[in-house]
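**Q** task: produce atomic coordinates for the following.
(one chain, ligands or ions: 1)
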Amino acid sequence: MTLKRFSLFLLSSLFVAICCLLASIYYFFYLPGIKAEILDQQQQEFNLLHSALSLSKNSLTTLCYDYAVWDELVEFVKNPTDEFVQRNMPDNAFEAANIDAVLLTDINNQLVWDFQHESLLNSRQSLVNLITQGDAALVKILPTSAEIALQKVSSRSGYLVLNGQLIYFSNTTILPSAAVGEIVGSLTMFRLLDSALIKDISQLSLIDFSIQPTTKTTNTSDDFFSFQQIETISPSHTWLIGNKFDDEVVLVTLNHKKVSLPRLDWLSVMLLMIAAVLIISLSLMMLSKWLISPLIQFNQNINDSSNDGLMSKMRSNHFIDEMDSISNSFNQLLQKFNAQQNYLETLTVQDALTGITNRRGLEAFAKDIVLRWHTEQKGFSTMMIDVDHFKAFNDQYGHLEGDNALVAVAKSLAEQVSTYEAIVSRYGGEEFCIIFSECDPNIIRPIAEKICRAIEQLHMPNKIGNRQWVTVSIGVLVVNGEATHATQYSFSDVLQQADEQLYLAKQTGRNTVKLQCFAQ
Ligand SMILES: Nc1nc2c(ncn2[C@@H]2O[C@H](COP(=O)(O)OP(=O)(O)OP(=O)(O)O)[C@@H](O)[C@H]2O)c(=O)[nH]1
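**A** Just a heads-up that it's a prediction; the model follows:
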């Protein structure tokens, strides 16, 4: 896999991973948290409503007790007078306290006096009947004969559903203010949860609820006052409040403020995705710049070297320290490699014995010379130099001495041409070749003759016949730059003609020079 593909793969993987992470956070952390919060809020609203309705009932109980445990009311039950009612129990006093009905009964449960607000007028007979003629065992509103016999204050409170209306009731035995003495009857107060009271409670508790008449079914909601826990999120919850003595019920509906789980906003999701892609792309760009690019360059360098053998240095100012370390190591390696390569290249063009250029080096040099001859009509000269009777030398002094003699000849040749633009090479065996950029025969010939004398004057003994020293024969070919059709000839043609001259020099007694200009 290439680094670029790997980057793409990494990008896609990161993108998928981030999407999975966001989805997991949304479904496993965010949604459950929100759900718990909404449930908690709905439960609080229920608790508030429960407390508000209970409080409304409890305040009625307090009021009822205040009236019932009162010496003057005891007297009133014994001897009812209009004057007492006008003075102590006017209609507006009850209305102000949100009391919709008051029934005063004696110990035989006979009605002594009653007040009924117009809101409950329709239910008056039902109420009176309920209290005075109903099945007391079921209703349980008035005190029982056992309670009256105890002659102690006793109270009962609860709720009734009459004609589809929810009514609180509170009953207290009528006693003197000391709360001990003869029970003369009981006082029952009623409070209707009409729309006005519901509105008041709503405004105070900031809860939206309603109470509606309904018909009881087996599968309907739980009883409001015994309900504990809201389990499911819903825009509204309903409960029933029913009579204890018949099937009449009302439905309490609580409308919640927070009603549903948040829905996915696809625009936000898309923006989030785009942001994720941008962040990942940015990270990858940085990764690419700081890590992948140097690796690609590193790879490119190695590839280039395998193609053309050239390696360039790697920069060593990377952002990542390890990349710098790799670069430095690579550059050091490259330096060693280049030094090694230079050494090897030198070896390929240098003659191991004499240290002068070998035949490969000569040919490389000749290429340039011939090119200039072909393109710029620049002439040159070539000398082929061969040691005379060298076999005999070897035979007399041994091969090792022969090597030393070749080294001495090479050294002398180099010295002789050091002041000229020329290259001295060992052409092979005991044969040397010198290329001069000079092409004037009048200059070249004396140089060749001087070389002959210089070698002889090395005085390396080589006794053959009347000869005493090692000598050389030289064949010279002068290539005139103005030669026509030069491009038809190569360096080997030049060498061949130089060789012919050398052959002539050997034929004419050795230790001599033969020169000729290039013959077309
Ligand atoms: N010691 C030594 N001898 C070499 C080397 N290369 C070639 N020779 C010897 O040089 C000799 C060349 O002999 P020949 O080709 O017969 O020619 P020559 O004896 O020089 O006679 P002419 O060239 O005709 O004057 C051979 O004996 C080779 O073994 C070398 O590197 N070292």
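
**Q** measure how far the host helix or strand of Ala93 is from the centre of its chain, please.
**A** Ala93 belongs to helix 91-96 when assigned by DSSP states H and E. Helix 91-96 sits 72 Å away from the centroid of its parent chain (C-alpha atoms, centre = their mean, to the nearest Å).

**Q** now the helix or strand following that helix: average pLDDT?
**A** Using DSSP H and E, the next helix or strand after helix 91-96 towards the C-terminus is strand 101-106. Per-residue pLDDT values over strand 101-106 give a mean of 90.

**Q** now do stretch 388-406
**A** 96.

**Q** hmm, back to that, the helix holding Ala93: which residues count as buried?
**A** By 16 or more other C-beta atoms under 10 Å, the buried positions in helix 91-96 come out as Phe94. From N, CA and C alone the C-beta is placed, and that goes for glycine too.

**Q** what does stretch 30-46 give?
**A** So, applying 16+ other C-beta under 10 Å, buried residues of stretch 30-46: Ile34, Ile38, Leu39, Gln42, Glu45, Phe46.

**Q** where does pLDDT dip in the chain?
**A** Within the chain, the stretches with pLDDT under 70 are 3, 120-126, 128-139, 216-221, 244-245, 259-260, 305-310, 483.

**Q** near the ligand, which residues of it? Just list them.
**A** Within reach of the ligand by C-beta under 6 Å from any ligand atom, the chain has these residues: 386-392, 394, 399, 402-403, 406, 429-430, 506, 510.

**Q** hey, C-alpha coordinates of stretch 198-210 in CSV?
**A** Presented in CSV, the C-alpha positions along stretch 198-210 are these (Å, rounded to 0.1, in the frame of the first residue of the first chain):
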residue,chain,number,x,y,z
ILE,A,198,-57.5,25.7,39.3
LYS,A,199,-56.3,28.9,37.6
ASP,A,200,-55.1,30.2,41.0
ILE,A,201,-53.2,27.0,41.7
SER,A,202,-51.7,27.0,38.2
GLN,A,203,-50.5,30.6,38.5
LEU,A,204,-49.0,30.0,41.9
SER,A,205,-47.3,26.7,41.0
LEU,A,206,-46.6,27.5,37.4
ILE,A,207,-48.1,24.1,36.4
ASP,A,208,-50.6,23.6,33.6
PHE,A,209,-53.3,21.2,34.6
SER,A,210,-57.0,20.6,34.2
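
**Q** what sits up against that stretch?
**A** 45, 48-49, 51-53, 56, 211, 252-255, 257 (C-beta atoms under 8 Å, 6 or more residues apart in numbering).

**Q** and if you look at stretch 60-69?
**A** Outside stretch 60-69, the residues that reach it (C-beta under 8 Å, 6+ apart) are 73, 89, 97, 99, 153, 155, 157, 168-177, 179, 186-189, 191.

**Q** do the same with stretch 448-468
**A** Under the contact criterion C-beta under 8 Å, 6+ apart, stretch 448-468 has outside partners 383, 385, 388-390, 392-393, 396, 405, 408-409, 412-413, 415-417, 469-474, 476, 511-513, 515.

**Q** check which helix or strand the residue in the chain positioned nearest to the ligand maps to.
**A** Nearest to the ligand, among the residues of the chain, is Gly402, at 2.4 Å (C-beta to the nearest ligand atom). Per DSSP H and E, Gly402 falls inside helix 390-417.

**Q** and that helix, what does it pack against?
**A** strand 380-387, strand 422-428, strand 431-436, helix 441-456, strand 461-464 (3 or more C-beta pairs under 8 Å, 6 or more residues apart in numbering; DSSP states H and E).

**Q** buried residues in the helix or strand just after the last one?
**A** With elements assigned by DSSP H and E, the helix or strand that comes after strand 461-464 is strand 467-469. Along strand 467-469, the positions that meet the burial threshold by neighbour count (16+ other C-beta under 10 Å) are Arg467.

**Q** beyond strand 467-469, next helix or strand please.
**A** strand 472-479.

**Q** which strands and helices sit next to that following strand?
**A** Strand 472-479 packs on strand 380-387, helix 441-456, helix 491-507, strand 513-517, going by 3+ C-beta pairs under 8 Å, 6+ apart.

**Q** strands paired with that strand, and their directions?
**A** strand 380-387 (antiparallel), strand 513-517 (parallel) (DSSP bridges).

**Q** can I get these in CSV including mean neighbour count?
**A** Below are the strands paired with strand 472-479 laid out as CSV (neighbours: other C-beta atoms under 10 Å):
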stretch, mean neighbour count
strand 380-387, 26
strand 513-517, 20
